[in-house]
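Peer 1: Have a look; sequence and predicted model below, questions after that.
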Amino acid sequence: MGSKKPLPTKICPRCNRSFTWRKKWARDWENVVYCSKACRDGRYPAGPAQVRR
């Protein structure tokens, strides 16, 4: 059996988390910037992710 290729990833500029390609983004991967709707809508402050304690 062949091995799978690793999926492409990007870093979200809002929360600085990496996110992986999803099939629903297949046609629009070049334009995907944020990891989630919450980040896209600005619910999280820009900059380094805060560590919750």
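Peer 2: Cool, got the structure. None of these values were measured; they are calculated from a predicted model.
Peer 1: dump the residue contacts of the nearest residue to Lys10 once chain neighbours are set aside.
Peer 2: Counting by Cβ to Cβ, 6 or more residues apart in numbering, Phe19 is the residue found nearest to Lys10 once chain neighbours are left out, at 6.1 Å. Where C-beta positions appear, they are placed from N, C-alpha and C, glycine not excepted. For Phe19, the contact set (Cβ atoms under 8 Å, 6 or more residues apart in numbering) comprises 9-12, 35-36.
Peer 1: at 7 Å instead, please
Peer 2: Phe19 is in contact with 9-10, 12, 35, counting by Cβ atoms under 7 Å, 6 or more residues apart in numbering.
Peer 1: go on, Thr9?
Peer 2: Counting by Cβ under 7 Å, 6+ apart, Thr9 touches 18-20.
Peer 1: Now with 10 Å, please.
Peer 2: Applying Cβ atoms under 10 Å, 6 or more residues apart in numbering to Thr9 gives the contacts 18-21.
Peer 1: farthest-separated two in those?
Peer 2: Farthest-apart pair in the contacts of Thr9 is Ser18 and Trp21; separation 11.1 Å (Cβ to Cβ).
Peer 1: Those two: which is more packed in?
Peer 2: Trp21 (14 against 10; other Cβ atoms under 10 Å).
Peer 1: Pretty sure that one sits against Trp29.
Peer 2: Yes - counting by Cβ atoms under 10 Å, Trp21 sits close enough to Trp29 to count as a contact (6.0 Å).
Peer 1: shared neighbours of the two, anything?
Peer 2: Joint contacts of Trp21 and Trp29 (Cβ under 10 Å, 6+ apart) are 8, 10.
Peer 1: And for Ile11, the neighbour number?
Peer 2: By other Cβ under 10 Å, the residues close to Ile11 number 12.
Peer 1: from what I can see it touches Arg17, true?
Peer 2: Yes - between Ile11 and Arg17 there is a contact under Cβ under 10 Å: 7.3 Å.
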